[in-house]
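Colleague: How does the following fold in three dimensions:
(6 chains)
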Protein chains: 4
Amino acid sequence: MEISTTRTHTQTLKEKQRQERERLILAAAEEVLYENGYHDTSIDEIAARVGVAKGTVYLHFSSKEDLIAAVFTANFERFLRALDEVITETMTPRAQLETILARMYEGYYVRLIQLLYNNADLKKLFQARKQQHPPPWDALVSRVIAILEAGKARGDFDQHTPTKVMASAFFCLLSPTSYERLVIAEHMEVQALVDYLGRIYFDGVTNAK
Amino acid sequence: MEISTTRTHTQTLKEKQRQERERLILAAAEEVLYENGYHDTSIDEIAARVGVAKGTVYLHFSSKEDLIAAVFTANFERFLRALDEVITETMTPRAQLETILARMYEGYYVRLIQLLYNNADLKKLFQARKQQHPPPWDALVSRVIAILEAGKARGDFDQHTPTKVMASAFFCLLSPTSYERLVIAEHMEVQALVDYLGRIYFDGVTNAK
Amino acid sequence: MEISTTRTHTQTLKEKQRQERERLILAAAEEVLYENGYHDTSIDEIAARVGVAKGTVYLHFSSKEDLIAAVFTANFERFLRALDEVITETMTPRAQLETILARMYEGYYVRLIQLLYNNADLKKLFQARKQQHPPPWDALVSRVIAILEAGKARGDFDQHTPTKVMASAFFCLLSPTSYERLVIAEHMEVQALVDYLGRIYFDGVTNAK
Amino acid sequence: MEISTTRTHTQTLKEKQRQERERLILAAAEEVLYENGYHDTSIDEIAARVGVAKGTVYLHFSSKEDLIAAVFTANFERFLRALDEVITETMTPRAQLETILARMYEGYYVRLIQLLYNNADLKKLFQARKQQHPPPWDALVSRVIAILEAGKARGDFDQHTPTKVMASAFFCLLSPTSYERLVIAEHMEVQALVDYLGRIYFDGVTNAK
DNA sequence: GATGAATGAGGTTTCATTCAT
DNA sequence: GATGAATGAAACCTCATTCAT
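Modeller: Residues are numbered from 1 along each chain as shown, chains lettered A, B, ... in the order given. Alright, predicted model coming up:
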């Protein structure tokens, strides 16, 4: 029993180290992916940033594709968990969407979402894996659609526009190009950008009578 | 005189063939670029689709970068010319923007615009060429900004939102993802999609009181 | 007969034009060869300098190798003819060799000789053609050997040194590197260089007691 | 301690293997370079001769240029070290130069020296690398010049001939063409060739008195 | 005869992946 | 388990040579 306990303990320790390393690899991969794009992300550089050998990366992820897919899945999951902490059923649908929008622009999620959404390489990656997107992304889309439907049911949102179109337009608000041009290059406050985009989305650009 | 005429005619014929071939190469490049993204677009595949040898492509474009840049420039120029035919000064700013939006979704311009706007590889390409974008793209952005300013001056558009944000949001409406998901996968009419997106942009998703 | 004469005349004219063009192609090839070396000498550039189409070069020379070989042959022949004008039997062997040396450094022959003599590409070229050198080069070597033998017979030259070694050393004096470093870079007079080298060759570097 | 020892040993072994492989690659590169010249030296062929894959060569040398430059540097360094072992200050300048000459013809250094000195491609290579020659070559030239100056100071060498010309002529004695024609093709002893050439250099071809 | 567009072999270089240590 | 040297497919680009016009 002693022995068994020790072993279990040892394995747990090893397992923890293993998970920690996996986390570090994912973090490095995300960093390089954002900096260089999919093709210029090399296993060599990821391994170097983590401080392990190239082969070690392959002990955790069976291919570059796997690793990059895991980056997305991990981020979406973290993002979904973060949403759960701030969104409650008692908020109005509009407030819920505004919160999601703000949260997206806060972290660096917007970067990854856009990477995923607009990069042909990554699309092909997930299509080759017989799935349009990583599962958590679909969960996020479903959630936004559900909120939009609830808003429509309450009469908050325009009922003549298909929910899917509304959802598409919602996700379009997240453009890394806007982010880079307005926030990074022109030093606009993130919150201001989010407010403006939210206003356009909910009220349009037309001058209120 | 006869001879001169004949020569001119011959040169015209050759020149026509040359231009036709160049057009075919550009079309193939665009196709592959859209399917595979910048990095997975190989000169070999472009040549194979046109049915010529690799070297032939280099007779028309001195490098892969040159070829891809030409794809964008050619498309934007065509698009700008098309706009000139349908947009007049007498139209309201809103009508002008609605027309631009519709035209963008009609052709396949939306694909390229989005490729350019959101692909890190292509951004790097144009930055390396000492220009943020191909000149015609900047012309399009300027044009949209001018229309938005005119609309603001007339009191048509919300004056509290910065024009740059409005322009960013406008171009965000052009999402190849929306196009693919709604028009191609779900068989929505392009015109319907354009109408919905235009309505969201101009009036928001909120239910009119 | 009239007709025949006319034809002959026409053919002669055409033939002259043909020869003139061949001369121009050889001159251009020599120029580019010296500037760029064998590999970076392209048929394209030669044709462009002459002002004809690439295909035209192939009407005169069946391959790049043929063309380059012709450059050497033409030069050696010209050089041998030039020697015939200034070297007479009545000159002493030493005077004859001094004259050859001076003439070699005068024209640009030294450049070509060294190109031929020290460039692996060109060696392979002639070896592939089953000949160590273009025939006129061998004629030049024979001539120098004959002069050295005559000098030995007269007791002018050291009889303990094999003539072949003496010939080798003689041709070694022609170094484009010396030429470039001393004449071009350090502005030494060609005649001075020739005098110094001749003195070393005939009298050695050792201080005459 | 055991472990530490083992590790050191292991690293030493690996390092030895690495160096051995690098040596083999350099040797193969030198071989091909000498046979085919710079342009026709292909990484493919070098790799094939060593029996490794193309990519392996790039683990040791980051480019073809780097590899070829390393061939020269390695040879010159080896040569300079060899000279240090046989040349002493107490030898007369003439004896020192005779020793250098003999040593050059012994190894295969003469081949590489001449390759470097007379091949336009390689000159361009080193010029592009912002250096006329690999540093050790310049060290050799300086050394010969210093010896010649010392000989002049002692009154051993002719003081009317510029040292630079004497140095040029000295290096001209090293002709791979002489070597091939006389030693390889005609089976002359290297020592005999060296003696003859040295005698010509120091005493000239003219019959003494 | 003259042209020059087209060809395609061949060269350098990168990098995901494997596997012996 | 961890390593990193080795692999080799695949990409871009050049240029001697051919051949239809």
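Colleague: Quick check: which ranges of chain A have low pLDDT?
Modeller: Applying pLDDT under 70 to chain A flags residues A:1-11, A:108, A:110-111, A:114-120, A:130, A:132, A:207-209.
Colleague: In it, what residue lies closest to DNA strand F?
Modeller: residue A:55 (2.0 Å; Cβ to the nearest atom of the strand). Where C-beta positions appear, they are placed from N, C-alpha and C, glycine not excepted.
Colleague: domains in chain A, as residue ranges please.
Modeller: A:1-61, A:64-209 (automatic domain parsing).
Colleague: Chain A: strands as residue ranges?
Modeller: In chain A, no strands are defined using DSSP state E.
Colleague: pull the longest helix from it.
Modeller: Criterion DSSP state H: the longest helix present in chain A is helix A:2-36.
Colleague: In chain A, what residue comes closest to chain C?
Modeller: residue A:40 (32.0 Å; Cβ to the nearest Cβ).
Colleague: Give me the number of neighbouring residues for residue A:43.
Modeller: Per other Cβ atoms under 10 Å in any protein chain shown, the neighbour tally for residue A:43 reads 18.
Colleague: Tell me how many other residues surround residue A:159.
Modeller: Counted with other Cβ under 10 Å, the neighbours of residue A:159 add up to 12.
Colleague: got the contact list for the residue in chain A positioned nearest to chain D?
Modeller: Here chain A gets closest to chain D at one residue, residue A:44, 12.1 Å apart by Cβ to the nearest Cβ. The neighbours of residue A:44, taking Cβ atoms under 8 Å, 6 or more residues apart in numbering or on different chains as the test, are residue A:54.
Colleague: so how far is DNA strand E from residue A:79?
Modeller: Residue A:79 sits 26 Å away from DNA strand E when distances are taken as Cβ to the nearest atom of the strand, to the nearest Å.
Colleague: Let me know whether that residue touches residue A:140 as I believe.
Modeller: Yes. Here residue A:79 reaches residue A:140: they are 7.2 Å apart, a contact under Cβ atoms under 8 Å.
Colleague: Contacts only, for the closest residue to residue A:38 other than its chain neighbours.
Modeller: Of all residues not flanking residue A:38 in the chain, residue A:121 sits nearest, at 4.1 Å (Cβ to Cβ, 6 or more residues apart in numbering or on different chains). Taking Cβ under 8 Å, 6+ apart, we find residue A:121 in contact with A:37-39, B:37, B:39-40.
Colleague: Which members of those are classed as buried?
Modeller: Neighbour counting by 16 or more other Cβ atoms under 10 Å in any protein chain shown classes A:37-38, B:37 among the contacts of residue A:121 as buried.
Colleague: so which of the residues you listed comes closest to DNA strand E?
Modeller: residue A:38 (8.8 Å).
Colleague: Residue A:68 is in contact with that closest one, correct?
Modeller: Yes. The criterion here is Cβ under 8 Å, and residue A:38 meets it with residue A:68 at 6.6 Å.
Colleague: Now for those two: what residues contact both?
Modeller: Residues touching both residue A:38 and residue A:68 (Cβ under 8 Å, 6+ apart) are A:122, A:125.
Colleague: tell me the helices in chain A, going along the chain?
Modeller: A:2-36, A:43-50, A:54-60, A:64-86, A:93-106, A:109-118, A:120-128, A:135-153, A:163-172, A:176-178, A:190-203.
Colleague: picking that back up, gap between the longest helix of chain A and the chain center?
Modeller: 22 Å (Cα atoms, centre = their mean, to the nearest Å).
Colleague: Show me what from chain A comes close to DNA strand F.
Modeller: Neighbours of DNA strand F within chain A, by Cβ under 7 Å from any atom of the strand: A:17-18, A:21, A:52-56, A:58-59.
Colleague: Need the max-distance pair from those residues.
Modeller: A:17 and A:54 (18.9 Å; Cβ to Cβ).
Colleague: More neighbours: which of those two?
Modeller: When neighbours are counted by other Cβ under 10 Å, residue A:17 and residue A:54 differ, and residue A:54 comes out ahead with 13 against 10.
Colleague: What about the residue lying closest to that one once chain neighbours are set aside, how many residues nearby?
Modeller: Spatially, and ignoring its direct neighbours in sequence, residue A:54 is nearest to residue A:47 (4.7 Å; Cβ to Cβ, 6+ apart). Applying other Cβ under 10 Å, we find 19 other residues in the vicinity of residue A:47.
Colleague: Contacts only, for residue A:47.
Modeller: The contact partners of residue A:47, taken as Cβ under 8 Å, 6+ apart, are A:53-54, A:56-57.
Colleague: ditto for residue A:144
Modeller: A:97, A:100, A:167, A:170-171.
Colleague: In a markdown table, list the residues you listed along with neighbour count and distance to residue C:112.
Modeller: Shown next, in a markdown table, are the contacts of residue A:144 (neighbours: other Cβ atoms under 10 Å in any protein chain shown; distance: Cβ to Cβ, whole Å):
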| residue | neighbour count | distance to residue C:112 |
| --- | --- | --- |
| A:97 | 24 | 80 |
| A:100 | 20 | 77 |
| A:167 | 22 | 76 |
| A:170 | 22 | 75 |
| A:171 | 20 | 70 |
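Colleague: Let me have those residues in a markdown table, adding distance to residue B:201 as columns.
Modeller: Below are the contacts of residue A:144 laid out as a markdown table (distance: Cβ to Cβ, whole Å):
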| residue | distance to residue B:201 |
| --- | --- |
| A:97 | 16 |
| A:100 | 20 |
| A:167 | 15 |
| A:170 | 13 |
| A:171 | 15 |
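Colleague: Adding distance to chain C, write these out as JSON lines.
Modeller: JSON lines is the format used below for those (distance: Cβ to the nearest Cβ, whole Å):
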{"residue": "A:97", "distance to chain C": "63"}
{"residue": "A:100", "distance to chain C": "61"}
{"residue": "A:167", "distance to chain C": "57"}
{"residue": "A:170", "distance to chain C": "57"}
{"residue": "A:171", "distance to chain C": "52"}
